[in-house]
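1. Mind folding the following:
(2 chains)
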Amino acid sequence: MGVEIKVEKINAWYGKTQALFDIDLDVLANHATALIGPSGCGKSTFIRCLNRMHETLPGARVTGRVQIGDLDIYKGTSATQLRRRVGMVFQKPNPFPSMSIYDNVAAGLKLNGFSNRKQTDEIVETALKSSALWDEVKDSLHKQSGASLSGGQQQRLCIARALAVQPEVLLMDEPCSALDPISTGKVEELIFQLKSKYTIVIVTHNMQQAGRVAEFTGFFLLGRMIEFDKTERIFTNPSDKRTEDYVTGRFG
Amino acid sequence: MSNQAVPHPSFGGPEPDSVAREQVKTAANPLLGFSGGEGADTAFRFAMLACAVGVVALLGLIVYQLVTGSQLSWHTFGWKFFGSSDWNPVEDQFGAFPFIYGTLVSSFLALAIAVPLAVGVAVFITEMCPGWLKGPLSFTTELLAAIPSVIYGLWAIFVMVPLLRIWVQPFLARTLGWTGFFSGPPYGIGMLAAGIILAIMIIPIISSISREVLTVVPQNQREAALALGATRWEMIRIGVLRNARAGIVGAIILGLGRALGETMAVTMVIGNRPEIAKSLFAPGYTMASVLANEFSEATGDVYLSALIEIGLALFFVTIVVNAMARLLVWSVTRGLPARSNA
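-> Got it, this is the predicted structure:
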């Protein structure tokens, strides 16, 4: 089941450059929340703060409080522990090229020290089914490398890999930006189904996409969250002028 | 005179505009008129081609020389040459096995010591090293490669061998003596000393090429592993080393190539006795060392020919090893990862 996320006063830096300013956000469990905004507005940085990937970059720093379920992630939680409960899908599909499809999906399980062969088989199958890839790869699970799939398939493989460890939250950083429209459609449909089981936070450049998959949308600009509301309201009746300018295409 | 509104001053020559045009033309003319350009270009092309062909021809010439030079030995001993341990110049009996054995054992011993260290250095520099230390550390590692091998040999004789004799070998004999690999009198000089000095000499090449290979592993592979909850070591294992393994194997083989052919430092510490012993404390001999030591005193035709045949064998092995390694490294750094199951 998904859990809710409470973010209080997150500030983030790259070296001396501040990328995020006092972000507060409450994300409802089992819903999809989209983050939109022009390039460089800090939305990717923000979701990378939710699984502590931001701090893996040299010189990067975060302050503030993030509560995910029962974990206070910047206090008394190890990054490894956290990331096993918060899955992430990246902008560019990044399967492990030297592993078979099966091993890609099972990679997270192995890291958890999970070695029951039969159960692993089941989990891999379930994960590939929920990422709608099973039918396309079921005959070549062990024969084909993760990198031999098409871009769209690779991205769904990465989603399956993230789902296999049964996370509570799924973070998606522009998951469709490297994909063609058909693959994008498949991934979007997937997100729509997955939110019954997971809390999803998705960063997107594509406002239609936010409209299609997310109940809530936050608008970021220059490292600040300008507005956060129901998606419908953000697109039809935003309360901030800047949001309106952005969603109507006047800038960005 | 015409009734122009603004009269041009006339100097009785061509108009200023056309003067300028004239000058441009004459300025360009010397180049246009120069007809030797293409001839020189052709000459240049042939000169460069000759250089390139020269390198290949040189390689061919070396092979030819080695093959013709070793004919006599080849006809006298045949394949037995590589299997026999009898090296007796007085009776014109020559068998290269102890040298082949010595070369292989010292080189693989060197790899066993150098690979973990060199890959460790490479991983540390690419994955964990604080920015300010990266430059100095890689520079120092690579500087090791610039030290002439005779210096390594001197250092080995005066510093390393005494250390081995007084501390390391007695310790190894006490703890691991029962294996048989570390028994016998601790001379200091011997196979172990050769292996260690070779290891030090091949660390720079293995670590600098491994570092290159690790650097081209895309960042997104590291992130993929981290995002699954990998610890740093797990991230390095599945996200970095696994992707770079073909290149690292290439780096190791390049190191092996260097170790096989290394002459000076090894000759100074290996003991130079054509014997095959199980213990690494015992002296040995390598193909390169026997060439260096005995060429000047090879009086008989068969003796000389036998040495050349050893040279041919060494040449052949190192060429093959190096070619393999280069191919592996290229396949990785050119972005065509050699996949296990693609």
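
2. what about the helices in the stretch 151-252 of chain A?
-> A:151-164, A:181-194, A:207-213, A:231-236, A:241-247 (DSSP state H, counting those that start in this stretch).

3. Among those, which comes closest to chain B?
-> Between chain B and the helices of the stretch 151-252 of chain A, the shortest separation by C-beta to the nearest C-beta is 7.0 Å, and it involves helix A:151-164. For the C-beta atoms, the positions are set from N, CA and C on the backbone; glycine is no exception.

4. how many degrees apart are that closest one and helix A:181-194 in direction?
-> On the basis of axes from the mean of the first three to the mean of the last three C-alpha atoms, to 10 degrees, helix A:151-164 is oriented at 20 degrees to helix A:181-194.

5. Residue 196: what's it in contact with?
-> Using chain A. A:N30 (C-beta atoms under 8 Å, 6 or more residues apart in numbering or on different chains).

6. wrong chain, I was asking about chain B
-> Contacts for B:I196 (C-beta under 8 Å, 6+ apart) come out as B:109-110, B:113, B:156, B:160, B:164.

7. Do I have it right that B:V290 meets B:P274?
-> Yes: judged on C-beta atoms under 8 Å, B:V290 makes contact with B:P274 at a distance of 7.4 Å.

8. Now do the contacts for the residue of chain A found nearest chain B.
-> As assessed by C-beta to the nearest C-beta, chain B sits closest to A:R84 within chain A, at 3.5 Å. Contact analysis of A:R84 by C-beta under 8 Å, 6+ apart lists A:108, A:111-112, A:165, A:167, B:228-229.

9. ok, back up a step: name the stretch among the helices of the stretch 151-252 of chain A that sits most buried.
-> Most buried of the helices of the stretch 151-252 of chain A, by mean neighbour count (mean count of other C-beta atoms under 10 Å in any protein chain shown): helix A:151-164, with a mean of 26.

10. Tell me which helix or strand the closest residue to B:L143 other than its chain neighbours sits in.
-> Take B:L143 and drop its neighbours on the chain: the residue closest to it by C-beta to C-beta, 6 or more residues apart in numbering or on different chains is B:P204, 7.7 Å away. B:P204 is located in helix B:191-215, with elements delineated by DSSP states H and E.

11. Go through that helix and flag the buried ones.
-> The neighbour-count check on helix B:191-215 (16 or more other C-beta atoms under 10 Å in any protein chain shown) flags B:191-214 as buried.

12. To which secondary structure element is whichever residue of the stretch 201-342 of chain B sits closest to chain A assigned?
-> When scored by C-beta to the nearest C-beta, the stretch 201-342 of chain B has B:G229 as its residue closest to chain A, at 3.5 Å. For B:G229, there is no helix or strand it lies in under DSSP H and E.

13. nearest residue to it other than its sequence neighbours?
-> Using C-beta to C-beta, 6+ apart, the closest residue to B:G229 is A:R84 (3.5 Å).

14. Next, that neighbour: phi, psi?
-> phi -80, psi -10 (degrees, to the nearest 10).

15. ok, B:E212 to B:E142 distance?
-> Going from B:E212 to B:E142 by C-beta to C-beta, to the nearest Å gives 11 Å.

16. How about B:G135?
-> Distance, B:G135 to B:E142, by C-beta to C-beta: 11 Å.

17. Looking at these two, which one has more neighbours?
-> Remark: of B:G135 and B:E142, B:E142 carries more neighbours, 14 against 11, as counted by other C-beta atoms under 10 Å in any protein chain shown.

18. And the helices in the stretch 51-200 of chain B, which stretches?
-> Per DSSP H, counting those that start in this stretch, the stretch 51-200 of chain B carries helices over the ranges B:71-77, B:80-83, B:97-123, B:131-143, B:149-155, B:161-163, B:169-176, B:191-215.

19. would you turn the ones you listed into TSV with mean pLDDT and distance to B:V249?
-> Output for the helices of the stretch 51-200 of chain B, formatted as TSV (pLDDT from 0 to 100; distance: least, C-beta to C-beta, whole Å):
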stretch	mean pLDDT	distance to B:V249
helix B:71-77	92	33
helix B:80-83	92	27
helix B:97-123	95	10
helix B:131-143	90	20
helix B:149-155	95	25
helix B:161-163	95	32
helix B:169-176	92	28
helix B:191-215	94	10
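
20. Comparing these, which comes out most buried?
-> helix B:191-215 (a mean of 25).

21. closest point of the stretch 1-150 of chain B to chain A, which residue?
-> B:G131 (6.6 Å).

22. Next one: that residue from B:P148, what distance?
-> Note on B:G131: its distance to B:P148, by C-beta to C-beta, is 32 Å.

23. quick one, the strand or helix carrying B:G311 and helix B:191-215 angle?
-> Here B:G311 sits within helix B:301-333, counting by DSSP H and E. Interaxial angle of helix B:301-333 relative to helix B:191-215 (the same axes, to 10 degrees): 30 degrees.

24. which sections of the stretch 201-342 of chain B are below the confidence cut-off?
-> Scanning the stretch 201-342 of chain B for pLDDT under 70 picks out the ranges B:333-342.

25. ok, how many other residues are close to A:K75?
-> Applying other C-beta under 10 Å, I find that A:K75 has 9 neighbouring residues.

26. what about it, which SS state?
-> Classification of A:K75 using DSSP: H, G, I helix; E, B strand; the rest coil returns coil.

27. just to revisit the earlier point, could I get the helices of the stretch 51-200 of chain B in CSV, plus columns for distance to A:Q153?
-> Below are those laid out as CSV (distance: least, C-beta to C-beta, whole Å):
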stretch, distance to A:Q153
helix B:71-77, 58
helix B:80-83, 53
helix B:97-123, 32
helix B:131-143, 37
helix B:149-155, 53
helix B:161-163, 58
helix B:169-176, 52
helix B:191-215, 28
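
28. Which one of those helices lies nearest to A:R52?
-> A:R52 lies closest, by C-beta to C-beta, to one member of the helices of the stretch 51-200 of chain B: helix B:131-143, at 20.9 Å.

29. just how off-centre is the closest one within its chain?
-> 20 Å (C-alpha atoms, centre = their mean, to the nearest Å).

30. Export it to PDB, keeping only CA atoms.
-> Taking Å, rounded to 0.1, in the frame of the first residue of the first chain, the C-alpha atoms of helix B:131-143 are listed here in PDB:
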ATOM      1  CA  GLY B 131      37.800  16.000  -5.700                       C
ATOM      2  CA  TRP B 132      41.100  17.600  -4.500                       C
ATOM      3  CA  LEU B 133      42.800  14.200  -4.100                       C
ATOM      4  CA  LYS B 134      41.800  12.800  -7.500                       C
ATOM      5  CA  GLY B 135      44.400  14.700  -9.600                       C
ATOM      6  CA  PRO B 136      47.500  14.100  -7.400                       C
ATOM      7  CA  LEU B 137      46.500  10.500  -6.800                       C
ATOM      8  CA  SER B 138      46.100   9.500 -10.400                       C
ATOM      9  CA  PHE B 139      49.200  11.500 -11.300                       C
ATOM     10  CA  THR B 140      51.300   9.700  -8.800                       C
ATOM     11  CA  THR B 141      50.000   6.300  -9.800                       C
ATOM     12  CA  GLU B 142      50.900   7.000 -13.400                       C
ATOM     13  CA  LEU B 143      54.200   8.400 -12.400                       C
END
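
31. so what secondary structure elements neighbour it?
-> In terms of contacts (3 or more C-beta pairs under 8 Å, 6 or more residues apart in numbering or on different chains; DSSP states H and E), helix B:131-143 is packed against helix B:191-215.
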